[in-house]
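1. With the sequence up front, the predicted model follows.
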Amino acid sequence: MTNYERAVAEKLEKIQQKPHVRILAIETSCDETAAAVVENGRQVLSNAVHTQIPLHVPFGGVVPEIASRSHVQKIGAVVRLALEQANLSLAELDAIAVTNGPGLVGALLVGLSYAKGLAYAAGLPFLGVNHIASHIAANYLSYPELEPPFTCLVASGGHSHIILVEDYDRYRLIGRTRDDAAGEAFDKVARVLGLSYPGGPNLEKLAREGDPTRYRFRSAFNEGEGYDFSFSGIKTAVVNRLHNAEQAGEVIDRADLAASFQKTVVDILAEKSVRAARSQEGEAGTKLALAGGVSANRALREAMETRAKAAGITFYCPDFKYCTDNAAMVGSAAYGKLLRGQTDGLSLNAVPYLSIEDDRK
Ligand code: KG4
Ligand code: ZN
């Protein structure tokens, strides 16, 4: 046993008896450098986020190499800020957690290496956390009473999943996108509408001024009985509508187009996820949560709330600050793992395509 392993074993032995378990969490899976300290999985003592948006705007999307470089430059300051805001030193922590996938491999490696270095230096338990599980756990921060089982729609830039959260560490995939993720479709349509990166929030802003019933985008696949999604056809239909109008010299109302596209996607997400929740047995059929970057979209939050309510289902969605990438949600997801002793060795690697169903060890 190495000195590090001995220090970790001693910490883990006492963890169950500790009234305050404090985890420093780090997130660098895409374009936010984030660190947070979370107590007992639910109480956020600090939440520092440095966004790289201005760096990627000139390119219209995230440039992986620029993202990695910026994470390297900022991670030290962001972690220091999280510790300062929580008024804690490394010695007062109980573990270090970090996103190890899915995400951009170079970006993930920055957070992972930094977290390993800290854990080793401070003799603290180390945990890798799944990014999708973290997005789901964002709901625990906003609803102290929420416990599994529940059904959850995760809609982000890389994923659109309907997941049955059977337990804190057990997930079952009910539905998924066959092509583009919902956020990805928002970003691509935003780009053809001439909106700057990040497309999702900018498209939502434009859609607020538009008429969502002006243009119709039918989608045969999504009208089926299953729980899988397809957004690529809708995206192409919007792009074609815009190009055809340009060629014919027809004036298209961009706000109406944005609103109609948003309504199409939101209705599909809300309809399928509420139907998926209804089909679950027991408690999971009475609770529906929303997670991932697209959960910041007000039209989606409202549509899901209305449909869930009509079906007698309680609806949950995270506070806005926990919707897009942050580290507080990582600290929440890591808590249960730490209590169960599911720590990782310092050889843990980044896994760009890590699946949520691999989460249980
Ligand atoms: O979860 P997230 O921050 O990063 C990933 O894990 O992918 O999600 C980012 C995605 C982007 O596609 C972004 O455009 C989308 O979430 N997004 C939105 C909104 N805010 C973020 N999409 C629609 N409306 C929004 N308000
Ligand atoms: Zn994310």
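-> The structure has been received and is ready for your questions. Ligands and ions are numbered 1, 2, ... in the order given.
2. Could you use CA atoms for every contact and neighbour count after this?
-> Noted.
3. show me where the stretch 201-350 of the chain has helices.
-> All helices of the stretch 201-350 of the chain, identified by DSSP state H, counting those that start in this stretch, fall at 232-248, 254-278, 298-310, 328-339.
4. As CSV, these with distance to residue 94 and mean pLDDT would be great.
-> Output for the helices of the stretch 201-350 of the chain, formatted as CSV (distance: least, Cα to Cα, whole Å; pLDDT from 0 to 100):
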stretch, distance to residue 94, mean pLDDT
helix 232-248, 44, 94
helix 254-278, 36, 97
helix 298-310, 35, 98
helix 328-339, 9, 97
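5. and the ones you listed, which is most packed in?
-> Ranked by average neighbour count under the criterion mean count of other Cα atoms under 10 Å, those are headed by helix 328-339 at a mean of 28.
6. Figure out how far that one is from the centre of its chain.
-> Chain-centre distance of helix 328-339: 14 Å, with Cα atoms, centre = their mean, to the nearest Å.
7. before we move on, what about stretch 350-361?
-> 14 Å.
8. Give me the buried positions along that stretch.
-> By 16 or more other Cα atoms under 10 Å, the buried positions in stretch 350-361 come out as 350, 351, 352, 354, 356.
9. Among the residues you listed, pick out the one closest to ligand 1, please.
-> Distance to ligand 1 across those (Cα to the nearest ligand atom) is lowest for residue 352, with 11.6 Å.
10. Give me the pLDDT value at the nearest residue to the closest one once chain neighbours are set aside.
-> Among residues not flanking residue 352 along the chain, residue 102 sits closest, at 4.4 Å (Cα to Cα, 6 or more residues apart in numbering). With respect to pLDDT, residue 102 has a value of 97.
11. these two touch, right, residue 102 and residue 355?
-> Yes. Applying Cα atoms under 8 Å, one finds residue 102 in contact with residue 355, separated by 7.3 Å.
12. Get me the contact residues on this protein for ligand 1.
-> 156-158, 183-184, 186-187, 198-201, 204, 292-294, 296-297, 324-325 (Cα under 6 Å from any ligand atom).
13. returning to that earlier point: got any residues that touch both of residue 102 and residue 355?
-> Residues touching both residue 102 and residue 355 (Cα atoms under 8 Å, 6 or more residues apart in numbering): residue 130.
14. follow-up on the earlier one: now for the residue nearest to residue 352: which residues touch it?
-> Contacts of residue 102 (Cα under 8 Å, 6+ apart): 29, 130, 131, 132, 351, 352, 353, 354, 355.
15. Would you check how far apart the first one and residue 78 are?
-> Pointing back at residue 29 there. As defined by Cα to Cα, to the nearest Å, residue 29 lies at a distance of 15 Å from residue 78.
16. Have a look at the two and say which one is more surrounded.
-> Counted by other Cα atoms under 10 Å, residue 29 and residue 78 do not tie: residue 29 has more neighbours, with 31 against 21.
17. That one contacts residue 101, correct?
-> Yes. At 7.0 Å, residue 29 counts as touching residue 101 under the criterion of Cα under 8 Å.
18. Identify the contacts common to those two.
-> Residues touching both residue 29 and residue 101 (Cα under 8 Å, 6+ apart) are 108, 131.
19. any low-confidence regions in this structure?
-> For the chain, the stretches flagged by pLDDT under 70 are 359-361.
20. Okay, strands next: where are they in it?
-> Applying DSSP state E to the chain gives strands spanning 22-27, 32-39, 43-51, 95-101, 126-130, 150-155, 160-167, 170-176, 287-291, 314-316.
21. Now tabulate those strands in a markdown table and tack on mean neighbour count and distance to residue 266.
-> Below are these laid out as a markdown table (neighbours: other Cα atoms under 10 Å; distance: least, Cα to Cα, whole Å):
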| stretch | mean neighbour count | distance to residue 266 |
| --- | --- | --- |
| strand 22-27 | 32 | 28 |
| strand 32-39 | 29 | 25 |
| strand 43-51 | 20 | 26 |
| strand 95-101 | 30 | 27 |
| strand 126-130 | 27 | 26 |
| strand 150-155 | 28 | 11 |
| strand 160-167 | 23 | 12 |
| strand 170-176 | 18 | 15 |
| strand 287-291 | 27 | 12 |
| strand 314-316 | 19 | 15 |
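22. out of these, which comes closest to residue 302?
-> Closest approach to residue 302 among those is made by strand 314-316 (10.1 Å; Cα to Cα).
23. and the chain, what are its domains?
-> Segmentation of the chain into domains, based on automatic domain parsing, reads 3-138+323-358, 145-318.
24. related to what we said a few turns ago, would you convert the strands of the chain into JSON lines that also reports distance to residue 85?
-> Output for the strands of the chain, formatted as JSON lines (distance: least, Cα to Cα, whole Å):
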{"stretch": "strand 22-27", "distance to residue 85": "12"}
{"stretch": "strand 32-39", "distance to residue 85": "9"}
{"stretch": "strand 43-51", "distance to residue 85": "5"}
{"stretch": "strand 95-101", "distance to residue 85": "17"}
{"stretch": "strand 126-130", "distance to residue 85": "22"}
{"stretch": "strand 150-155", "distance to residue 85": "29"}
{"stretch": "strand 160-167", "distance to residue 85": "31"}
{"stretch": "strand 170-176", "distance to residue 85": "33"}
{"stretch": "strand 287-291", "distance to residue 85": "26"}
{"stretch": "strand 314-316", "distance to residue 85": "28"}
